[in-house]
Each structure stands twice: as C-alpha cells, then as structure tokens.
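S.K.: the sequence isn't on hand, but the structure is:
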C-alpha cells in the first residue's frame, strides 16, 4: 500500500475540501435564493434542475471514466463546480441560475453530487484489498462528514457575522458562494497531481464496444439495475429533506437563524461521520446488507417523529439522534455496490447508482418547495421522507439479503 499512499491522500484531501464547500453552501443556498426574490416553488424548480443536470453530467462522465481516464473526468468535474459557483455568484436572473444549475455542479444538500464520488471510490477500491474496502470507505465518509460539518458551521456563522457587522444578507451569502467557486479551483489542482495508478486496469473481458453504460457482464447489469431502482426510491424520499430545505424548514417552523442552523448541521454531520466507523465494524459481523437496513430503519422513524416536536430543542434532539445512525448505511452501501461487480465496472456501477440517486432526488425538492409554501403542509416533507425510506429498507432487504460480497463468502486470510 505504500506506493498508493500519495494518491489516496490526494483523494481524501479532495473529498474534504469538496464536502467543506458543499456543507457551507447548503446552509445559505435557499436563503440566498429567497433573498434574490425567488419564491419557494421556484426555488424547488431550481434545486430540481440542479439535481437533474448533475445526474446527466455524472452519467456521461462516470460511464466513460474507466475508458477515457478517471483523472481527466475528475478535473473536468472540478472545473464545472468552479463554473457553477461563479455563475450563481454573478447572476440574479432565474433563467440563468437554472442554466448554471443544469450545466454546472452545485450541491443543495450538503452531500456528494456530480461525478466525483463514483470515480474516487473506484480508484480507492482498486488500491485496496477487498477486506479493507469497507473500512477505508468508512474513513472516507467520516472525513467527508467532518468536512461537511465544518463547512456548515463556518458557512452559517460567517454569513451571520457579516450581517451582524452591517453587511447586507445577500452580500453575506455571496461571500460563501465565492468560497464555493474557489473550492472548485483547488480541486482541479489536487486532481492534476494524481498518478496513473488511479486509472482502471486493462480488462480481460469483452471489448469496450460490447459494454453497455460501462458494464460488460449481464449479471452486473441486472444487479446495478435493481440497486439503482431501490436507490432511486431512497433518494426521492431524501430529496424532500435535503440539508438546505431542512434548514429552511427549521427557519420557517421555529425561526432559526443562519448561525443556529450552522451549529445544528455542524453537530449533525459530525455525528453522521462518526457513525461510519461502527458501521464498518458492524458490517464485518452481520454483513453489509443487514447493516444497511437495520441502522436505517430507526433513523427513518425519528424523521417521521421530528415534526411532532413542539419546540426547537426537542426537534434538534431528534434530528441529532437521527443523524447519529442515518448515515451508517452510506459506506456499507458504497462498499456493497463496488463489491458485487467486476473491478473494471466499478466506476460505471458506482456512477450509475449515484446517478439514479440524483434522478430520484431531483423531483422531490420541487414537491417539497410546494409543500413548504403551504403553512398547513409545512411538516409533510419530513413525514413523506421518513415513510418512503422505510419502504426502501424493506424492499432492499427482501431483494438482496442472499447476494453476498466476496469478503462475506470467502474465508479470511491466514
């Protein structure tokens, strides 16, 4: 592994910087758009356009990354991130904002968006033995969650402090957007430092002309199709409560200000990140699928209960409890997807399933925006999200409990 450390370090650094930018933007994005004069339904339209655009870009880039070059696609994605941040910074026109959202890479959720996750994970999986994959991906998610948390904290309190010292709210939010664009530039420089070791190894399977969306095995296509359908449902549910909309819900329901929201999502993402480590430990004992399902179900029950809380402290308490277990399925889900396909299909499999998640999440912010615009339906997004996620958990367990990854079927090394 020594020869792989520089590449792994660059991939981890890129993950941290990117998620820091995503976390900072997620706290202020909807507040910024509202300050521009956009209505809640129009904001939902823009967020939906963002997710659909990112899905299309990711599909094109991740399904060709193993063939055209993983480093090349990562650099292109970083440039699109910088361009989107700059466009959001410079224009107030809704049509231009929608265009920038479709073409660029903008994260309204605080979570991964675009082609980065799939390609980075495929590169890391190539550098790792099977039995280390889930453990390292857990650390990969932990560092990302910590970076998201720190970004949310700094983004929220920076905007609050600038307003306290006399800066207009719109200008304060623009400072955060400028940092987002700068993050894309820094990512570009990091990705340019990667070595050829991150590229896909030559395949002994059929020629690339026989591939469909980067997958050459019929069994892989069937697995990825089923996983994609389920992940679409999960993401559709999660799209009702992406971090920027959840922040807006706290603002509407309890009057929470940007500083409070930044602190809330700082702690929430720290808890989410810490949950990745016991997830890897638990998966080694009860399996990846069991870990995904049995940790996700309680989190979704808590999400359904949050709107019933009468005060801000109680709602925050349930939110933090949910975040402490809600992300335990993330490294296990990623590891499982990479494990059940061929090594030279990993970028494509991860990319397709991530794109399915993006598409699933694309429609629900629009619906959530419409619901949040109606005082009587203010709590509906949280209840819908929790209920649909419970359905996803049950369907996932039924379909995949018998399909084991290699490390769960082969004897441990002696």
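M.R.: Looks like it arrived, so ask away. Since the structure is predicted, the reported quantities are computational estimates derived from the model, not experimental observations.

S.K.: does anything pack onto whichever strand or helix holds residue 32? Which helices or strands?
M.R.: Take DSSP states H and E as the rule and residue 32 turns out to sit in helix 5-35. On a contact count with 3 or more CB pairs under 8 Å, 6 or more residues apart in numbering; DSSP states H and E, helix 5-35 meets helix 40-68, helix 70-90, helix 116-127, helix 130-164, helix 169-192, helix 243-254, helix 258-274. Bear in mind the C-beta positions are built from the backbone N, C-alpha and C, glycine included.

S.K.: same for the longest one, what does it pack against?
M.R.: Spelled out, it's helix 130-164. Looks like helix 130-164 contacts helix 5-35, helix 116-127, helix 169-192, helix 258-274, helix 276-286, helix 329-339, helix 406-409 (3+ CB pairs under 8 Å, 6+ apart).

S.K.: what comes up buried for it?
M.R.: 130, 133-138, 140-160, 162-163 (16 or more other CB atoms under 10 Å).

S.K.: and the fifth one, by the same measure?
M.R.: Buried residues in helix 169-192, defined by neighbour count with 16+ other CB under 10 Å: 169, 172-177, 179-181, 183-184, 186-188, 190-191.

S.K.: can you list contacts of the strand or helix carrying residue 325?
M.R.: Residue 325 belongs to helix 312-326 when assigned by DSSP H and E. For helix 312-326, contacts defined as CB atoms under 8 Å, 6 or more residues apart in numbering pick out 246, 250, 253-254, 256, 264, 267-269, 271-272, 274-275, 295-296, 298-300, 302-303, 305-307, 309.

S.K.: can you put the helices and strands packed on helix 130-164 in JSON lines and add mean pLDDT?
M.R.: Below are the helices and strands packed on helix 130-164 laid out as JSON lines (pLDDT from 0 to 100):
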{"stretch": "helix 5-35", "mean pLDDT": "88"}
{"stretch": "helix 116-127", "mean pLDDT": "84"}
{"stretch": "helix 169-192", "mean pLDDT": "92"}
{"stretch": "helix 258-274", "mean pLDDT": "83"}
{"stretch": "helix 276-286", "mean pLDDT": "84"}
{"stretch": "helix 329-339", "mean pLDDT": "86"}
{"stretch": "helix 406-409", "mean pLDDT": "78"}
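
S.K.: would TSV of the ones you listed with distance to residue 201 be doable?
M.R.: Shown next, in TSV, are those (distance: least, CB to CB, whole Å):
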stretch	distance to residue 201
helix 5-35	14
helix 116-127	7
helix 169-192	20
helix 258-274	31
helix 276-286	25
helix 329-339	14
helix 406-409	17
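
S.K.: nearest to residue 71, out of the ones you listed?
M.R.: helix 169-192 (6.1 Å; CB to CB).

S.K.: counting by contacts, list what the helix or strand just after that closest one packs against.
M.R.: Using DSSP H and E, the next helix or strand after helix 169-192 towards the C-terminus is helix 218-239. Applying 3+ CB pairs under 8 Å, 6+ apart, we find helix 218-239 packed against helix 329-339, helix 346-372, helix 380-400.

S.K.: so the shortest one versus helix 116-127, what angle?
M.R.: Inter-element angle recorded for helix 329-339 and helix 116-127: 60 degrees (by axes from the mean of the first three to the mean of the last three CA atoms, to 10 degrees).

S.K.: other SSEs contacting helix 329-339?
M.R.: By 3+ CB pairs under 8 Å, 6+ apart, helix 329-339 packs against helix 116-127, helix 130-164, helix 218-239, helix 276-286, helix 288-305, helix 346-372.

S.K.: for the last one, which helices and strands make contact with it?
M.R.: When you say that, I think you mean helix 346-372. Under the contact criterion of 3+ CB pairs under 8 Å, 6+ apart, the helices and strands touching helix 346-372 comprise helix 40-68, helix 116-127, helix 218-239, helix 243-254, helix 329-339, helix 380-400.
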